[in-house]
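Asker: no sequence for this one, just the structure:
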């Protein structure tokens, strides 16, 4: 069990990649905090699945862009488990629009959830890890943040910000053995993207990839397990791309 008894705080864990990471962590012996914002039904489904894996878990509703909400979730986690060993900043939203179509409110919302949310959660949880003299922070970025996704400008910028935030947090965490890394998924098939992947635009993007197929959630969650575990102790400040060779096929 690579994550035996590690307490893992995962934002946006009720569906998609977040749920996949929660399941993979559970299989490796972790105790899991299932963070969600809106869909309690999906959060409960995730919790029931983890219970079948004999994973101790709690469901917490909170808003990553609201500091008081995050602080409450952190307190409830400490009351339940006593520590936080791993933080996964996964919560994020997206809405496809071109540069000229994006409104101020849309820009602000994407930045608040995707980037500010990771900042707030990290700022609230890193002091706990500092006292423990150990911790892992895993930020979920995106291939869009690496090449500047033209159809999702605000999303791409927020995910590029995640990469920069990762590098900064790695500097602050290093003296306390807190390793901070990012994962940048490409096109991943999830319950949220399955229909979108059937479109002509999606297929064109897939054709540009070396592997000519979308990735699976397990492709991302397996990297998260490695980064969260003690089997690696010399990787920090890095962004690991899980994109099927998106850069090389064009």
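Answerer: Ah, there it is. Fair warning: this is a prediction, and the values are worked out from it, not measured in the lab.
Asker: Show me where the chain has its strands.
Answerer: 7-10, 31-36, 57-61, 86-89, 135-140, 178-185, 188-189, 215-216, 239-242 (DSSP state E).
Asker: name the helices or strands packed onto the fourth one?
Answerer: So the one you mean is strand 86-89. strand 7-10, helix 16-27, helix 117-132, strand 135-140, helix 217-228 (3 or more CB pairs under 8 Å, 6 or more residues apart in numbering; DSSP states H and E). Where C-beta positions appear, they are placed from N, C-alpha and C, glycine not excepted.
Asker: among these, which is the most enclosed?
Answerer: Sort the helices and strands packed on strand 86-89 by mean neighbour count, taking mean count of other CB atoms under 10 Å, and strand 7-10 sits at the top with a mean of 27.
Asker: Identify the residues contacting the residue nearest in space to the middle of the chain.
Answerer: The structure's the chain has its C-alpha centroid closest to residue 90; by CA atoms, centre = their mean the separation is 2.3 Å. Counting by CB atoms under 8 Å, 6 or more residues apart in numbering, residue 90 touches 10, 11, 12, 13, 17, 18, 21, 140.
Asker: Tell me the confidence at the residue nearest to the last one when sequence neighbours are not counted?
Answerer: Take residue 140 and drop its neighbours on the chain: the residue closest to it by CB to CB, 6 or more residues apart in numbering is residue 90, 4.5 Å away. At residue 90, the pLDDT value in this model is 98.
Asker: Quick check: residue 90 vs residue 182, distance?
Answerer: From residue 90 over to residue 182 the distance is 11 Å, taken as CB to CB, to the nearest Å.
Asker: which residues are common contacts for these two?
Answerer: With CB under 8 Å, 6+ apart as the test, residue 90 and residue 182 both reach residue 140.
Asker: so the biggest helix by length in the chain versus helix 117-132, what angle?
Answerer: When the chain is parsed with DSSP state H, its longest helix is helix 153-173. Compare the direction of helix 153-173 with that of helix 117-132 by axes from the mean of the first three to the mean of the last three CA atoms, to 10 degrees and you get 10 degrees.
Asker: Against which helices or strands is helix 153-173 packed?
Answerer: Packed next to helix 153-173, using 3+ CB pairs under 8 Å, 6+ apart, are helix 104-111, helix 117-132, strand 135-140, helix 144-147, strand 178-185.
Asker: and the angle from that helix to strand 178-185?
Answerer: Using the same axes, to 10 degrees: helix 153-173 against strand 178-185 is 160 degrees.
Asker: Distance from the chain centre to helix 153-173, please.
Answerer: Put simply, helix 153-173 sits 12 Å off its chain's centre (CA atoms, centre = their mean, to the nearest Å).
Asker: and what of stretch 108-128?
Answerer: For stretch 108-128, the distance to the chain centre is 12 Å (CA atoms, centre = their mean).
Asker: Also stretch 148-159?
Answerer: That offset, for stretch 148-159, works out to 17 Å (CA atoms, centre = their mean).
Asker: So that it lines up with my notes, have the first residue be 25 from now on.
Answerer: All right, first residue 25 from here; so that's stretch 172-183.
Asker: okay, how far is it across that stretch, tip to tip?
Answerer: 9 Å (CA to CA, to the nearest Å).
Asker: contacting residues around that stretch?
Answerer: So stretch 172-183 is contacted by 116, 118-123, 126, 130-131, 134-135, 138-139, 165-169, 171, 184, 208 (CB under 8 Å, 6+ apart).
Asker: Could you rerun that using 7 Å?
Answerer: With CB atoms under 7 Å, 6 or more residues apart in numbering as the test, stretch 172-183 has contacts from 118, 120, 122-123, 126, 130-131, 134-135, 138-139, 165-166, 168-169.
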